[in-house]
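**Student:** Output the structure for:
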Amino acid sequence: MIGDIKFGVLKGTDRFGNKYYEDLSAPFNQHRWIEYADIHDFDASMIQPEWHGWMHHMYDEVPGEGTIKTGIPLTPVSHAVYKNHVGYSNVEPLEQVNLTTYRSRGYKVGSLKTGPDEPDRYYKQPGHPLHPLVEKGGRYKHIKSINGFFGNKAFGK
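**Tutor:** Next up, the predicted model:
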């Protein structure tokens, strides 16, 4: 649980500053945990892929130490475009952000991630009253008028 006092051995830190701990005297499935770098906005998707397997007991080796198992080559000839089958990427990986934290807490209040005058950046469906399409007539502009919605019949008859 978050906020519990735990004692364990620091096993490592990922590139975003999250710390991974282990205490073998604790019960199974409670002996590995993470302390997120951003304690105000944490999410399970912030666990990096190399640490995910360790956290879920897929393997016991801590990333960065131990042996890396490589696949057995099936054939000496490879017609792949890239050597590692991942492709070329010079993009630095970004941390995933939950956009609901960019929602204001109240009128001119802001949130932990936004200031009081910044607009909300969370997702709104096209039919939502605060969606930007509403200013242009909205998604349901063809049924906004009472005659357009109920036809030419009088309301209530």
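**Student:** the bottom helix or strand of the chain by mean pLDDT?
**Tutor:** helix 146-150 (a mean of 50; mean pLDDT, DSSP states H and E).
**Student:** Wasn't Thr100 part of a strand?
**Tutor:** No. Under DSSP: H, G, I helix; E, B strand; the rest coil, Thr100 sits outside any strand and is assigned helix.
**Student:** surely it meets Tyr122?
**Tutor:** Yes. Thr100 lies in contact with Tyr122 (CB atoms under 8 Å); the separation is 5.1 Å. Yep, even glycine has a C-beta here, placed from its N, CA and C like the rest.
**Student:** Which stretches in the protein count as helices?
**Tutor:** Using DSSP state H, the helices of the chain run over residues 49-55, 146-150.
**Student:** Which positions in the longest one come out as buried?
**Tutor:** Of the residues in helix 49-55, those buried by neighbour count under the rule 16 or more other CB atoms under 10 Å are Trp51, Trp54.
**Student:** elements contacting that helix?
**Tutor:** Here helix 49-55 touches strand 19-22, strand 32-35, going by 3 or more CB pairs under 8 Å, 6 or more residues apart in numbering; DSSP states H and E.
**Student:** for these, which one sits closest to His131?
**Tutor:** His131 lies closest, by CB to CB, to one member of the helices and strands packed on helix 49-55: strand 32-35, at 35.8 Å.
**Student:** Give me the sheet partners of that closest one and which way each runs.
**Tutor:** strand 19-22 (antiparallel) (DSSP bridges).
**Student:** coming back round to it: same list, the helices and strands packed on helix 49-55, but as TSV with distance to Val9 and mean pLDDT please.
**Tutor:** Below are the helices and strands packed on helix 49-55 laid out as TSV (distance: least, CB to CB, whole Å; pLDDT from 0 to 100):
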stretch	distance to Val9	mean pLDDT
strand 19-22	6	93
strand 32-35	10	90
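**Student:** Looking at those strands, which is nearest to His57?
**Tutor:** Closest to His57 of the helices and strands packed on helix 49-55 is strand 32-35 (CB to CB; 7.8 Å).
**Student:** And the closest one, how far out from the chain middle?
**Tutor:** Distance of strand 32-35 from the chain centroid (CA atoms, centre = their mean, to the nearest Å) equals 17 Å.
**Student:** same question, stretch 48-58
**Tutor:** Stretch 48-58 has its average C-alpha position 16 Å from the chain's average C-alpha position, going by CA atoms, centre = their mean.
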